[in-house]
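> Quick one, fold the following:
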Amino acid sequence: MFGLQASGAAASWVVGRMGTDAHLYDDPDDASIPTLLDSRFDADKLDALKRLLALIAQGVDVAHFFPQVVKNVASQSLEVKKLVYLYLLHYAEKRQNEALLSINIFQKDLSDINPLVRAWALRTMAGIRLHVVAPLVLVAVKKCARDPSAYVRKCAAYALCKLHDLLPDETTSLEDTVDVLFSDNSPGVVGATAVAFNSVCPNCLPLISKHFQRLCETLPDIEEWAQILLIDIILRYVIARHGLVKDSSIFASNLTLKSQGSGDSALIGNETCGTTSTITLFRHYIEEYSECLEGDIINCSSVTSSTNNDVALLLKCTSPLLWSRNSGVILAAASVHWIMAPVDQLNRVVGPILFTLRSSPDATYVMLGNILVFAKTAPQLFAPFYEDFFICTSDPYQTKALKLEILTTIATESSIPAIFEEFQDYIKEPDRRFVADTVAAIALCAQKLPSITTSCLGGLLALVFYESSISDSANFDGEAAVLVQAILSIKAIVRTDPASHEKVIVRLVHSLDKIKEPAARSLIIWIFGEYSSIGNIIPKITPAVLKYLAWSFAAEMLETKLQILNAAAKVIIHSPEEHLEEFKKIMAHVIKLATCDLSYDVRDRARFISRLLPYSTTYLNGNNSSCQSHNEDMFKELANHIFDGKMPSTFHPTNNYRIYLPGSLSQVILHAAPGYAPLPKPQSMELIHKTMEPTRGVGNSSESINSDAESGSSTYDGGSVYDSESEVDGSSDRNAADSNTKDNQEDPLVHVYDASVDQGQTARDVEDNFASLITTDLTELMSKSALETWLDEAPAEPVQVSTQASSARVSFTNRSFERKPKLHMLLDPSNSNGLSVLYAFSSEVSPVSRLLVCVDLLFENVSTNQLADITIKSEEASGSEDGLDQTLQGSASVPTIVLDKEIQLLAPEQTEKMVLQVHFHHHLLPLKLSVLCNGKRHPAKLHPDIAYFVRPLPMDLNAFLCKENQLRGMFEYARRCTFKDHLQKLEHNDDSEEHTDKNLLIAQSLASKILSNANFHLVSMDMPVTFSIEDASGLCWRFSSEILSTSNPCLITILAEGHISEPLDLTAKVNSEDTAFGLNLLNRVVAIIE
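Here you go, the predicted structure:
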C-alpha cells in the first residue's frame, strides 16, 4: 500500500509539472547554452535564455554569456526579446561596455509598431543604471511621454523616478515631462505620474495648479497605491495655495472640546487639554510653524473657508475613498478630512476607520496608532464606539497596548462601567505584561474620572494582596511586574488627595511583611515616608514602622535601603517634638548600618543625610551638645526643600507627545523617517508666485513651444527633437550676436557697437529662419491666440519688441580671469600607506597624440615614512576593449597612459607634481589605473571630464557666427539652468572700497568658472545696451573648441536673463556635428554653471 501511494504521488508530481518550465530549475545546465544561443531558431534561443534566467534565480553568475545574449536583442520574437531585456537589466551595470552596444537597438525598438516592445525598450533603457546612457534615456522618456499607447506613457512616468537618481541636474526637464504626463487622460498614467512627481519634484507644487481639478476628478479611478500619493500631493497643494480651513480641527478643536466639556465634564477631564492638543497638532503638522504661532495662540491670518472651491472639491473627491477596500487609501482620505474638513463633518471618517480594524493585524496596528492621535485631540469622536476597541484574544501585544490607551483616552462616565468590566477580564490574562498595562490604564481612568477612585483603589489593593501571596509561594514570570504596577497605580491615585486615602496607605504599610519584591517594597516605603505626617492614623503607626524598617535594613536590597534612608529623613523632618528623640535614635542606628554597607550608593546616601541633618547624628557621637551648631536652621530649611519638595503632576503627557502626519511611516515608528516632510507653510505658494512672476516671460513660453515640438518627434536621433528648442532659444542669441572680437590688449574695458550693422545679412537670415520655424511647426497646429491659451501665459510680444528695439551692444574686453582647476582624489592616503594622489585636468595639448588628455598629478606623502618607487600603470589594454567609443579609437600605437617621469623617493610631508597623458576609451567611462608604491599595487579609477576632451579653437566673432549658422537643426542642443555664483561676489563688491561694474563682474564670474573647468576658447562676451543698469538680460558668452578625436568644431553659447541681484536664468547651447558628444558636453556645461 505504501509503495502504491508513493508511486501515485510521483506520477501526480510529474503530471503537474508537464507543460511548464519547472524542469529547468532541476537541471538548468544540462544542455549546451552557447550552441542554443547561436541557433537560427527562436525556440532554441528561448530555451537557452530560460535556462540562463533559471541559473540567475539560483544565484549562479552567467555574465560570461553576455556578448552572445546581447546580439539576440534584435530578434523579432517577442518572447526572446523580453528575456534578453531581463538578462540585460541584471548584468548591465557589471558589463557596461557591452551593454552600450545594445542602446541603438533600444532606440530602434522605441519606434516599433507594437506598444509592448516600445514599453519594454524604455523600461530596459531606464533600468540600465549607467550615467553614460542617462541623457539618451531622458530623450526617450520625453518621446514616450506622448506615445499613443497609455501603457507606454505609464512606463515613461515610472522611468522618471530612475532618471532622477542618475540626472539630478536635469530637474527642470524632468519637471516639464511630469507636467505633460499630468495632462494625460488615462487614470493609469496619472497614477504613475503621481509616483514620479513624488520622487522627482515633491516641492514643485505650483505645477499642480493647472491640473488640480482634473486630478481630483480622476482620483477615484487611479490605482490604489497611487491614490495614496496623489491624495498627499493635492492636500499639500491646497494648503500651500489656500491655507488651512478656519473651522477645521486644528483651529476649532479647542472650542469644540470646551463646549463638549460643559455638557459632559468627564469627556476630557481638563478644559486646557484640548487647546494644548491643538497647538501640538499645529506645531508638528505644519512646516515653519513658529511664524504662525503667537505664544499658545494660532495666528489665523493664513486660513481659508471650507466653501473654497478647491477645498470643497478636495473633500468631495476624497469622500468616496473612505470606503475603499485598501486600508492605506482609507487612512489617506481620513487624514485629508481630519486636517481640512470642518469639525461638524469629522464624524464621517469614524465609521470607515473603525471598519479597517477588522483587517490584517499589521493594518490594524497602523490604524490604531493614528486613531490614538485623533482620540487625544477629539475624544468625543470615538467615545460612543468604545466597544470597537475591546481586546480580542488573537490581538498581538502591541495592538492590545494601543487599544488600552485609546480606551483610557475616550472613557466617559457613561462608558466606564463597561470598560471596567473588560479590565477585570484582562487582569486574568496569562500575558502578565498586558496585565500590568491594564493596571496602569485603571489608574489613568481613576485620575480622569474622580467618581470611580474608591472602587479602583479597592480593586488595586485586592490585586496587591493577591499578587504578593502568589510571589511569596512561587516565582512566576511577570507577577512582580504586575505587583509593582499595581502599587504604582495606587501611588498615582493617592497623590491626587492623600488625606482622603489614609487607610489605603495604612493597609499598604501593613502588607510590607508579606511583600518580598524589592521594587514593590521600595514603593511602599516611599509612600509611607512621603505621607507620614498626614491624617490621624499614620502618625500613630510611624514609630513602629520605622523600627521595623531599621530592624530589616541589613537584609534589604539596594533600592529598598535607599528608600529607607529617605523615609527616615522625611519622618524626622515632619516629626512632632514628643517623638523626635525616639526617631533620632532610630535614624542614628540606620545611618550607622548604612555607613558600613557594601554598596557605594548606600554609604554615600548615609553620609549625605548625616551632613544634611547633623542633629540626627547625635547618638552616633554620644554627645548631645556637640551636635548643635549655629547653622542648624539653614540645614533644616535645605532638608525641607530636598525631601519635602512637591513634584509636578504628570497627568497630561500629551503636551510633549511627538506626533507626525496621519498615515506616515514616522507616525508608526514615532520618529522622523527618511523622506518625511511636514505640511507646507499655509499660503506659501502664493508668495512664491509673487516672487517668480516678474522673472517669467519669454523663457517659459519657449519651454512650452519646445515641449510641443518634441511631441511631434518620431525618432530619437533626428533633428526634430531639438529643432524647436534650439531655434527658439537660439534666436535671441543670434539677434544678440556681435561680429567684432579682435582680442587686443589695447581695447577699452567695454566697447559699444551696433550689432545690426556688424551682423548684416546674418541677423536677417536668423529672423527668416525663426519665422519659418514658427510657420512650419506651430501655426499648422493652432492659431496664435490658441497657442497663448495653451501656454497659459500672457503674450510675450512686448518683451520681444523691447529686446529687438535696441541693436547696440556692449562688448567686455577685459580678459583677466582667475582660473582655479578643480582637484579630485585619485588615491586616498588611508588606503595607500599614507600616499595621497590628487589630479586636475590640464588645458595643455599633448605633444604625443591628439587623442591624449593631459592630467596634472600631485603626489603627497602624509605618513611618517619615506615612500619609494612611485609610478602609475594602466589596468586596461589600449584599443582592445569591447564596446569602445568609436570616435575615440585611434591608431593602435597610441598608448593608454604616458608619464613624464617616475618618483624615486618621496620624503614625509613632501609633495611632487607629475603630468600624466591619458587615452580614455570612452568620454564617460572611468579608466582603471594602478598606483605602485614601495612595491605594492593600489587600484584607482581616473574619471574623465568631457570638458577636456576638446581643445581651444581660436576664432573671431564673424567666424563663430558663420560656423554656428552651419550647425543648425539636428546639430544644435540647448538647456536652461540657473547661475548664482555672482551673488556672493556682488555682496563683496558692495562692501569693498573699489567698486567694479556689476555687469562686468557677472561676465567675468561666469567666464572664469567655465574656463576653470573646461578647455574652451572665449570668443566674446557682450550684452545689449539697456536703460536699466540692474538688468542682465541679453548678456551673452561665446566659447569655441574642437573635439580631440575628430577635430570637429564645437561651439558653446550662453545667454542670460534676469535681474542682477537675483539668480540668473541661463540658456546654454551647444552646436556640434557629434550628437552624443554634444549632448554630454551640454550636460557638463550646465553642471559647471550650477
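
> In stretch 203-214, which residues are buried?
204-205, 207-208, 211-212 (16 or more other Cβ atoms under 10 Å). Glycine gets a C-beta too; all of them are placed from N, C-alpha and C.

> from the residues you listed, which single one is nearest residue 875?
Using Cβ to Cβ, residue 204 is the member of those that lies nearest residue 875, at 43.7 Å.

> Could you measure from residue 398 over to residue 361?
9 Å (Cβ to Cβ, to the nearest Å).

> now the helices for the stretch 451-600 of the chain?
With DSSP state H, counting those that start in this stretch, the ranges of helices along the stretch 451-600 of the chain come out as 453-473, 479-496, 502-510, 518-530, 538-552, 558-574, 577-595, 600-612.

> and of those, who's closest to residue 326?
helix 479-496 (38.7 Å).

> If you average the pLDDT over that closest one, what comes out?
Mean per-residue pLDDT for helix 479-496: 91.

> Now find how far off-centre that helix is within its chain.
Relative to its chain's centre, helix 479-496 lies at 43 Å (Cα atoms, centre = their mean, to the nearest Å).

> who does that helix touch, helix- and strand-wise?
helix 432-448, helix 453-473, helix 502-510, helix 518-530 (3 or more Cβ pairs under 8 Å, 6 or more residues apart in numbering; DSSP states H and E).

> Quick check: residue 321 touching residue 220?
Yes. Using Cβ atoms under 8 Å, residue 321 is in contact with residue 220, at 6.5 Å.

> just for the stretch 651-800 of the chain, where's the confidence low?
Where the stretch 651-800 of the chain drops to pLDDT under 70, the residues are 651-657, 686-800.

> domains in the chain, as residue ranges please.
532-663, 703-817+951-1089, 824-878+887-944 (automatic domain parsing).

> Quick check: the gap between the residue positioned nearest the centre of the chain and residue 199.
Centroid-nearest residue in the chain: residue 675, 2.6 Å away (criterion: Cα atoms, centre = their mean). As judged by Cβ to Cβ, residue 675 and residue 199 stand 10 Å apart.

> How about residue 446?
50 Å.

> do the same with residue 340
Taking Cβ to Cβ, one finds residue 340 at 25 Å from residue 199.

> same question, residue 83
Distance, residue 83 to residue 199, using Cβ to Cβ: 29 Å.

> does residue 677 count as helix, strand or coil?
Per DSSP: H, G, I helix; E, B strand; the rest coil, the local secondary structure of residue 677 is coil.

> Neighbours of it, how many?
Using other Cβ atoms under 10 Å, residue 677 has 14 other residues around it.

> Need the phi and psi values for it.
The phi/psi pair for residue 677 (degrees, to the nearest 10) reads phi -140, psi 130.

> Which residues are in contact with the residue nearest to residue 562 when sequence neighbours are not counted?
Counting by Cβ to Cβ, 6 or more residues apart in numbering, residue 562 lies nearest to residue 605, which is 5.7 Å off, once chain neighbours are set aside. Contact analysis of residue 605 by Cβ atoms under 8 Å, 6 or more residues apart in numbering lists 562, 565-566, 594.

> now swap in residue 155 and tell me
Residue 155 makes contact with 119, 122-123, 144, 192, according to Cβ under 8 Å, 6+ apart.

> now, which of the residues you listed lie within helices?
119, 122-123, 144, 192 (DSSP state H).

> Looking at those, which is nearest residue 862?
Using Cβ to Cβ, the ones in helices among the contacts of residue 155 come closest to residue 862 at residue 123, 47.2 Å.

> number of nearby residues for the closest one?
Other residues near residue 123 number 18, with proximity taken as other Cβ under 10 Å.

> Verify the contact between it and residue 85 for me.
Yes. Counting by Cβ under 8 Å, residue 85 is a contact partner of residue 123 at 7.5 Å.

> Please report how far residue 541 lies from residue 134.
The gap separating residue 541 from residue 134 is 83 Å, by Cβ to Cβ.

> So which of those two has more stuff around it?
residue 134 (21 against 16).

> Chain neighbours aside, what residue packs nearest to that one?
Spatial nearest neighbour of residue 134, chain neighbours left out: residue 166 (4.1 Å); criterion: Cβ to Cβ, 6+ apart.

> From residue 974, how far off is the one you found?
Applying Cβ to Cβ to residue 166 and residue 974 gives a distance of 21 Å.

> can you redo the ones in helices among the contacts of residue 155 as CSV with distance to residue 943 and pLDDT?
Putting these into CSV (distance: Cβ to Cβ, whole Å; pLDDT from 0 to 100) gives the following:
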residue, distance to residue 943, pLDDT
119, 33, 92
122, 28, 93
123, 28, 91
144, 30, 93
192, 34, 95
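
> do you know how far residue 578 is from residue 546?
15 Å.

> Please enumerate the strands of the stretch 951-1090 of the chain.
972-979, 1017-1024, 1036-1043, 1049-1057, 1064-1072 (DSSP state E, counting those that start in this stretch).

> Nearest to residue 479, out of these?
Per Cβ to Cβ, nearest to residue 479 of those: strand 972-979, 67.6 Å.

> That closest one vs strand 1049-1057, what angle?
40 degrees (axes from the mean of the first three to the mean of the last three Cα atoms, to 10 degrees).

> From the chain's centre, how far out is strand 972-979? Work that out for me.
Using Cα atoms, centre = their mean, the offset of strand 972-979 from its chain centre is 27 Å.

> what does stretch 583-598 give?
60 Å.

> Extract the C-alpha trace of that stretch and format it as PDB.
This file holds the C-alpha atoms of stretch 583-598, laid out as PDB (Å, rounded to 0.1, in the frame of the first residue of the first chain):
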ATOM      1  CA  PHE A 583      13.200  58.900  65.800                       C
ATOM      2  CA  LYS A 584      16.800  60.300  66.200                       C
ATOM      3  CA  LYS A 585      17.900  57.100  67.900                       C
ATOM      4  CA  ILE A 586      16.400  55.000  65.100                       C
ATOM      5  CA  MET A 587      17.900  57.300  62.500                       C
ATOM      6  CA  ALA A 588      21.300  57.100  64.100                       C
ATOM      7  CA  HIS A 589      21.100  53.300  64.000                       C
ATOM      8  CA  VAL A 590      20.100  53.200  60.400                       C
ATOM      9  CA  ILE A 591      22.900  55.600  59.400                       C
ATOM     10  CA  LYS A 592      25.400  53.500  61.300                       C
ATOM     11  CA  LEU A 593      24.300  50.400  59.500                       C
ATOM     12  CA  ALA A 594      24.400  52.300  56.100                       C
ATOM     13  CA  THR A 595      27.900  53.600  56.600                       C
ATOM     14  CA  CYS A 596      29.100  50.100  56.900                       C
ATOM     15  CA  ASP A 597      27.200  48.800  53.900                       C
ATOM     16  CA  LEU A 598      28.900  47.200  50.900                       C
END
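
> where does the stretch 851-1000 of the chain have low pLDDT?
877-893, 988-996.

> where do the helices sit along it?
Remark: helices assigned in the stretch 851-1000 of the chain by DSSP H, counting those that start in this stretch are 957-966, 981-991, 998-1013.

> Can you check which of those helices gets nearest to residue 111?
So among the helices of the stretch 851-1000 of the chain, helix 957-966 is nearest, using Cβ to Cβ, at 28.6 Å.

> Buried residues, the closest one. List them.
Buried, per 16+ other Cβ under 10 Å, within helix 957-966: 957-961, 964.

> Closest to residue 491 out of these?
residue 964 (86.1 Å).

> That closest one and residue 1050 touch, don't they?
No. Applying Cβ under 8 Å as the test, residue 964 and residue 1050 come out as separate, 11.0 Å apart.

> and for the two, which residues touch both?
residue 1071.

> Tell me which stretches of the stretch 151-300 of the chain form helices.
Taking DSSP H, counting those that start in this stretch, the helices of the stretch 151-300 of the chain run over residues 171-182, 187-200, 212-218, 224-242, 249-263, 271-285.
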